[in-house]
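[1] Fold the stuff below for me.
(one chain, ligands or ions: 2)
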Amino acid sequence: MKIHEYQAKEILAKYGVAVPRGEVANTLEEATAVARTLFTEGAHGVVKAQIHAGGRGKGGGVKVARTREDAELYAKNILGMQLVTHQTGPQGQKVQRLLIEETADIDRELYLGIVLDRATGRLVFMASQAGGMEIEEVAAKDPDAIFKETIDPAIGFGAWQARKLAFALGLKATQINQAVTFLQSLYKAFIDTDASLVEINPFITTKDDKLFALDAKVTFDDNALFRHADIKALRDTAEEDPLEVEASKYALNYIKLDGSIACMVNGAGLAMATMDIIQYAGGSPANFLDVGGGATQEQIEHAFEILLSDANVKAIFINIFGGILRVDRLATGVVAAARKLHVTVPIVLRLEGTNVEEGRKILKESGLNFQVGATMKEAAELVVKAAASL
Ligand code: GDP
Ligand code: MN
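    Ligands and ions are numbered 1, 2, ... in the order given. So this is what the prediction gives:
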């Protein structure tokens, strides 16, 4: 689960991470009120769009304001804008919230990040002097500019590792101890909240030798949210794809894509293979959907509804290996859903596993127009053909 920068900063601040003073604003009135309290004599600030995507600075969603009037003007311009960044896609994301903060007197912009390295199965603490810009670019062009410390889960993030990274960042002697505490606080926040990513870009030093998280990105492991009711409450569904929000209500693992062939599959691995074979047959998948091992008829109906509300969909590919989910039950659900929803797009199935013969019979006797492929490859070719013929 993703959260906004202002929420990430609130969490990190509880762990002792230094963040600039600021407040969130959901309306222009609120923005004006925040600017009034923040922009006292001589002080200036920054107005930042809050969306679940990075690259806001380059996209025009981060503006430094010299005066309170400037801040109000920027707030007016940014609030409600369709902000396009390299992470939002060309359609952009509508800005519904702002963070208004005191500006910091930046000396250097550095980078800090904690992620899981899937190759070693361990957390890696990354640090770089090339902060502020896109870290993916730094990683691609100059990988040596990113310092890494792998964390042993039995020991945790050692103070010696924090010191090593602090020195690698070229910090001054007066900043080292501050930085060690800063890095350790980030690690503690990561572990305590079951995060999957904590990223501070930029992590800044100021002219008076202080350290701040100027930006903060924190994402959480969805599978651990059940033990963090407070974090779960931070979810902002306005930032998510409406179809994905709908799917999450029925515990369906759905991710919208931009092709024309809708997929309904049981098992994440089979769902991945299904998307591959569609591409291989010359088509493109409209979504990833894993209905899970024990899908109920109700879930199958909701899955159909969600697939069909994507206007790009020209055909549906149902690829089921019946294990826990028996094929006859799936077939009954599919027939009921197709009738109830008056499905008009072609449906191609590939069925194997428990009670497959009964399942095929149910489809055949339904009188509805289903095509069944003998193999996964044949079914993929059939569905690509069906989608192309429309
Ligand atoms: P992102 O582009 O979405 O990652 O947003 P950031 O919060 O990282 O902001 C982008 C850039 O704006 C930073 O790298 C800074 O250079 C600049 N910036 C952000 N906040 C401030 C601030 O308070 N003062 C100044 N001078 N620059 C800022
Ligand atoms: Mn940033």
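[2] Looking at the stretch 51-200 of the chain, which residue is nearest ligand 1?
    Residue nearest to ligand 1 within the stretch 51-200 of the chain: residue 57 (2.8 Å; Cβ to the nearest ligand atom). All C-beta spots, glycine's among them, are computed from the backbone N, C-alpha and C.
[3] typo on my end, the stretch 201-350 of the chain
    Proximity to ligand 1, evaluated over the stretch 201-350 of the chain using Cβ to the nearest ligand atom, is greatest for residue 215 at 3.2 Å.
[4] my guess is that residue contacts residue 201, does it?
    Yes - because the distance of 5.6 Å satisfies Cβ atoms under 8 Å, residue 215 is recorded as touching residue 201.
[5] Quick one: name the residues of this structure near ligand 2.
    Neighbours of ligand 2 within the chain, by Cβ under 5 Å from the ion: 201, 215.
[6] which parts of the chain sit against ligand 1?
    Counting by Cβ under 6 Å from any ligand atom, the chain comes close to ligand 1 at 46, 48, 54-57, 62, 64, 101, 103-104, 106, 109, 132, 201-202, 214-215.
[7] Count residues in the vicinity of residue 182, would you?
    Residues near residue 182, counting by other Cβ atoms under 10 Å, number 23.
[8] Let's test this: what are the backbone torsions at it?
    Listed backbone geometry of residue 182 is phi -60, psi -50, with angles given as degrees, to the nearest 10.
[9] With adjacent residues omitted, what lies nearest to it?
    The spatially closest residue to residue 182, leaving aside those adjacent along the chain, is residue 211, at 5.5 Å (Cβ to Cβ, 6 or more residues apart in numbering).
[10] Next one, pLDDT for the one you found please.
    Per-residue pLDDT puts residue 211 at 97.
[11] ok, now the one 10 residues further on?
    The predicted local distance difference test score for residue 221 is 96.
[12] quick one, domains of this protein?
    Per automatic domain parsing, the structural domains of the chain span 1-20+105-239, 21-103, 241-388.
[13] could I get the strand or helix carrying residue 99 in CSV with only the CA atoms?
    Residue 99 is part of strand 98-102, with elements assigned from DSSP states H and E. Taking C-alpha atoms only, strand 98-102 is exported to CSV below (Å, rounded to 0.1, in the frame of the first residue of the first chain):
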residue,chain,number,x,y,z
LEU,A,98,-1.1,19.8,-0.9
LEU,A,99,1.7,19.8,1.6
ILE,A,100,2.8,23.3,2.6
GLU,A,101,6.2,23.3,4.4
GLU,A,102,8.8,25.6,5.6
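[14] Tell me the strands beside that strand, with direction?
    Each strand that pairs with strand 98-102, with its direction, by DSSP bridges: strand 22-25 (antiparallel), strand 45-49 (antiparallel).
[15] Next up, the contacts around whatever residue of the stretch 201-350 of the chain ends up closest to ligand 2.
    Scanning the stretch 201-350 of the chain for the residue nearest ligand 2 gives residue 215, at 3.5 Å (criterion: Cβ to the ion). Each residue near residue 215 by Cβ atoms under 8 Å, 6 or more residues apart in numbering is listed here: 5, 200, 201, 202.
[16] likewise residue 11?
    Residues counted as contacts of residue 11 (Cβ under 8 Å, 6+ apart) are 189, 193, 218, 231.
[17] So what's the residue count around the second one?
    When you say that, I think you mean residue 193. Neighbour count of residue 193, defined by other Cβ under 10 Å: 22.
[18] still on that earlier bit, and the contacts of residue 11 as CSV, adding distance to residue 168?
    As requested, the contacts of residue 11 are exported to CSV (distance: Cβ to Cβ, whole Å):
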residue, distance to residue 168
189, 21
193, 26
218, 23
231, 31
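[19] Closest one of these to residue 309?
    Minimum separation from residue 309 among those (Cβ to Cβ) is found for residue 231, which lies at 29.3 Å.
[20] roughly how far apart are that closest one and residue 35?
    Taking Cβ to Cβ, to the nearest Å as the measure, residue 231 falls 29 Å from residue 35.
[21] what number of residues lie near the residue nearest to residue 182?
    For residue 211, the tally of surrounding residues (other Cβ under 10 Å) stands at 22.
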